[in-house]
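1. Below: sequence and its predicted model.
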Amino acid sequence: MFSFCTDPATLDGLAWLGCYLTTGKHFAFYGAFGTVLILLAVTAPSALAFGLGGAMAARSRIAPLRWLGKGYIAVVRGVPDIAFFLFFVIALDQAFEWIRHQVKCPEWDEPIRQGTDFIVCQSAKLPLGNAPQWVHEGYGFALAVLTFAIVFGAFAANVLYGAMRAVPRAQVETAEAYGMSRSQAFRRVILPQMWVYALPGLGNLWMVLIKATPLLFLLGVEDIVYWARELGAAKTPRFSDYPHGDWRIWYFSALLVFYLAFTRVSEIMITRLTRRLSRGQATAAGEAMRKAGA
């Protein structure tokens, strides 16, 4: 980074530290914070979409659709997250490759399953072996986002399902008495009001999602936990231009500060959003706001 960093052996003090913190690996570490934020920015609305779809399916009058929605909520919530992340991603990757294999290699006559190996033709692999590195990283990140969305979507579906049921039934009956169809009553009465009931649960789910981002490390994505462990481990002069002892406590302390600060900002934003959604609602928070205004 700096011109005087060409020979680290001649450096000491702040100059050594400045060069050490501006190596390529450290910039990858700094960029990994952005990876975490992008994951959260993409996963949160995706999980909410899965949750809304699951909740609507669970309250459907069509029995197979209702069974599908309730089954999705029960199965995904019942499987430990770490087991889901370790095995579902592999199954999902193999499912994509199997579909591509059926389309691109119909003449293939060998079994795909050969013992513990999963073998498809070269043109069906995802990503292709000659694809650039960013494609491999992007594909792994996309699988991670989809897995996060499915897992946390099930929890969101359970929260939204309860919030939909919390909207007073009398309001829905009144809407239907005025001539609204069931779908119109859902869009105009239930959907706008359910968020105030769902927000506490969704807020807790958001906090859990923030704490779950280190699971990216298990999915092969080089996230902040990976780099903290990689950079903080003891380095000897033989294997590093910047030898040092075991500094993992400092790197993981930096992660601690990052997560605590991020969750604190999230708490403030959720509190403000709750107050905004509670305004004019027939809830305890809405009633308190009404009395305070009076």
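-> Alright, I've got the coordinates.
2. residue ranges of the helices in the protein, please?
-> With DSSP state H as the criterion, the chain has helices at 13-20, 24-58, 63-78, 81-104, 133-166, 169-177, 182-185, 191-212, 224-232, 248-278, 284-293.
3. Please identify the one among those helices that comes closest to D241.
-> Evaluated with C-beta to C-beta, those place helix 13-20 nearest to D241, the distance being 8.8 Å. No exception for glycine: its C-beta is placed from N, CA and C like everyone else's.
4. and that closest one, which residues are buried?
-> For helix 13-20, the buried set under the neighbour-count rule, 16 or more other C-beta atoms under 10 Å, comprises W16, C19, Y20.
5. JSON lines please, covering those and showing pLDDT.
-> Shown next, in JSON lines, are the buried residues of helix 13-20 (pLDDT from 0 to 100):
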{"residue": "W16", "pLDDT": "76"}
{"residue": "C19", "pLDDT": "80"}
{"residue": "Y20", "pLDDT": "80"}
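6. Show me which of these is closest to G34.
-> Comparing the buried residues of helix 13-20 against G34 with C-beta to C-beta places Y20 closest, at 21.0 Å.
7. quick one: the residue lying closest to the closest one once chain neighbours are set aside from L256, how far?
-> Leaving out its chain neighbours, the residue that sits closest to Y20 by C-beta to C-beta, 6 or more residues apart in numbering is Y242, at 4.5 Å. In this view, Y242 and L256 are 23 Å apart by C-beta to C-beta, to the nearest Å.
8. Could you check which of the two has the larger neighbour count?
-> Taking neighbours as other C-beta atoms under 10 Å, Y242 and L256 compare with Y242 leading, 19 against 10.
9. In contact with that one, which residues?
-> Listed by C-beta atoms under 8 Å, 6 or more residues apart in numbering, the contact set of Y242 reads P8, W16, C19, Y20, T23, K235.
10. Next, count neighbours for the residue lying closest to the last one once chain neighbours are set aside.
-> Okay, so that is K235. The shortest distance from K235 to any non-neighbouring residue, by C-beta to C-beta, 6+ apart, is to P243 (5.0 Å). Neighbour count for P243, taken as other C-beta under 10 Å: 13.
11. Now do the contacts for P243.
-> Contacts here follow C-beta under 8 Å, 6+ apart; on that basis P243 touches K235, T236, P237.
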